[in-house]
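**Q** Any chance you could fold what I've pasted below:
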Amino acid sequence: MGEMIRTAAFQWVEKQVNLHGDFVPRKLLDQGFQFQGKRIPLVGPQSICKHAAMELPISIYTLDDYIYEGVLVLLCHIGAFSAIRYPTLKDGEAYKKILIKYSGMEEFFNQIDLLFFYQGPRSKFQDNGNYRKLNNYDEIKSVLVGSYGKEEELDCYSKRFVKQEEVIATFVKANIAGFNVENFLEKLPLFSLAEIAYRYLRCGAVHNITLCFINTDFSGDVEEGYIITKEIL
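**A** Just a heads-up that it's a prediction; the model follows:
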């Protein structure tokens, strides 16, 4: 019975893709499909437990017992989709573009993580060439601290994650003499949620078999208490 339901599920998803394109509305996934007179949801609270009509659940990511496996599968799926959709782009650029374009959460993934910016000089990316090319780091951090608070004050999500437009407006208002605006605008997205999802989540899982952001307890480190949860993915 379980195999029959899975086959029906994939057939239903294929039909929805043909109707709606690559981005199937979340509402339809929540509603699911009819199988022998029973509604089978693909995602949502009801799929956390086994459905009465089958031996095993469809969605591995909804099971807390398999949270690491589920997140790893999701990250690899996004990576495979990005490679197929944008074969001419570099891996990271394609991955970030997929997150922003197909998630329906462009505003979310474009946000800047101020805590990551603050911890940049002592993070695993401190020697990364892209981050080292950011000019005026100390001056930028000083303005951010003056506007949003010190590192220990950013444990509140409302302070930690800020729209790029708001960060840019903050520096326009600061009017720093000799400030390299072009460099700042080019490098600011390196601290966005899309960038972090690629560098910390995807690369960490695929290359090092480590999964950040699973622990919801926050102790001040950028990898803990994170906002990109398995539900977001």
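**Q** So Gly129 versus Asn180, what's the distance?
**A** Taking Cβ to Cβ, to the nearest Å as the criterion, Gly129 is separated from Asn180 by 17 Å. Any C-beta I mention is one placed from the backbone N, CA and C, and that applies to glycine too.
**Q** Neighbour count for those two, which is higher?
**A** The neighbour comparison of Gly129 against Asn180 (other Cβ atoms under 10 Å) goes to Asn180, with 14 against 7.
**Q** Check whether the more buried one really touches Asn135, as I assumed.
**A** Yes: with contact defined as Cβ atoms under 8 Å, Asn180 counts as touching Asn135 (4.7 Å).
**Q** where does the chain have low pLDDT?
**A** Across the chain, the ranges flagged by pLDDT under 70 are 1-3, 6, 22-24, 26, 42-69, 155-158, 208-226, 229-231, 233.
**Q** Give me the nearest residue to the spatially most central residue of the chain, chain neighbours excluded.
**A** Taking Cα atoms, centre = their mean, the centroid of the chain lies closest to Ala197, which sits 4.4 Å from it. The shortest distance from Ala197 to any non-neighbouring residue, by Cβ to Cβ, 6 or more residues apart in numbering, is to Ile228 (5.5 Å).
**Q** Likewise for His20?
**A** Nearest residue to His20, sequence neighbours excluded (Cβ to Cβ, 6+ apart): Leu28, at 7.7 Å.
**Q** My understanding was that the one you found contacts Gln16; is that so?
**A** Yes: here Leu28 reaches Gln16: they are 5.9 Å apart, a contact under Cβ under 8 Å.
**Q** burial measure for Tyr102, as a count.
**A** By other Cβ under 10 Å, neighbour count at Tyr102 equals 16.
**Q** With Asp138 instead?
**A** By other Cβ under 10 Å, the residues close to Asp138 number 7.
**Q** Now it. Its backbone dihedrals?
**A** Phi and psi for Asp138, reported as degrees, to the nearest 10, are phi -60, psi -40.
**Q** Run through the helices of the protein in chain order.
**A** Here the chain has its helices, by DSSP state H, at 2-20, 26-31, 67-85, 91-102, 106-109, 114-119, 129-132, 137-148, 157-160, 164-174, 181-187, 193-196, 203-208.
**Q** For the ones you listed, state which one has the densest average packing.
**A** Sort the helices of the chain by mean neighbour count, taking mean count of other Cβ atoms under 10 Å, and helix 193-196 sits at the top with a mean of 24.
**Q** list the helices and strands it packs on?
**A** Counting contacts by 3 or more Cβ pairs under 8 Å, 6 or more residues apart in numbering; DSSP states H and E, helix 193-196 is packed against helix 91-102, helix 106-109.
**Q** All set now, cheers.
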